[in-house]
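K.L.:
take a look and give me a structure for this.
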Amino acid sequence: MTLEQQLIERFNSLSPSHLEVINESAGHGGYFPGKESHFKVIIVSEVFSGLRLVQRHQKVYAAAAELISPGKIHALAIHAYVPDEWQGQAPASPDCAHAPKA
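P.N.:
Numbers count the residues shown, from 1 in each chain. Okay, here's the model as predicted:
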């Protein structure tokens, strides 16, 4: 099972009404086909109701705990919303300074 699939499985435990897990590894230095090191998660869930942003992130990190370690996931960009906040689109990720040059 890929890291992306494992993340999806773990984040489903947060009962999302919307979930996107995007492998952004290709935009970072040292990329090679099949690399899974940088991810972006967009998650909308009632579980986040009443929580501050840092508390939402803590819940997401807890769900992915053992996957965020050396040799596995290096970076995880988190966009966590409650349904009332979700506008259908998360901000774009910034370019990596070490991204492969086209």
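
K.L.:
what sits against the residue nearest the centre of the chain?
P.N.:
Per CA atoms, centre = their mean, the C-alpha nearest to the average position across the chain is that of residue 41, at 2.6 Å. Contacts for residue 41 were tallied using CB atoms under 8 Å, 6 or more residues apart in numbering; they are 7, 11, 19, 20, 21, 22, 60, 76, 77, 78, 79, 80. For glycine as for every other residue, the C-beta is placed from the backbone atoms N, C-alpha and C.

K.L.:
what is the nearest of these to residue 1?
P.N.:
residue 7 (10.2 Å; CB to CB).

K.L.:
show the pLDDT at the closest residue to residue 12 other than its chain neighbours.
P.N.:
The shortest distance from residue 12 to any residue other than its chain neighbours is 7.0 Å, reached at residue 19 (CB to CB, 6 or more residues apart in numbering). Per-residue pLDDT puts residue 19 at 98.

K.L.:
surely residue 19 meets residue 10?
P.N.:
No: in this structure residue 19 lies outside contact range of residue 10 using CB atoms under 8 Å: 10.6 Å.

K.L.:
about what we covered before: give me the buried subset of the contacts of residue 41.
P.N.:
Burial by neighbour count, judged by 16 or more other CB atoms under 10 Å, picks out 7, 11, 19, 21, 60, 76, 78, 79, 80 from those.

K.L.:
just those residues: which are in helices?
P.N.:
With helices identified by DSSP state H, the entries of the buried ones among the contacts of residue 41 that belong to them are 7, 11, 60.

K.L.:
can I get those residues in TSV including pLDDT?
P.N.:
Listed next are those as TSV, based on pLDDT from 0 to 100:
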residue	pLDDT
7	95
11	97
60	97
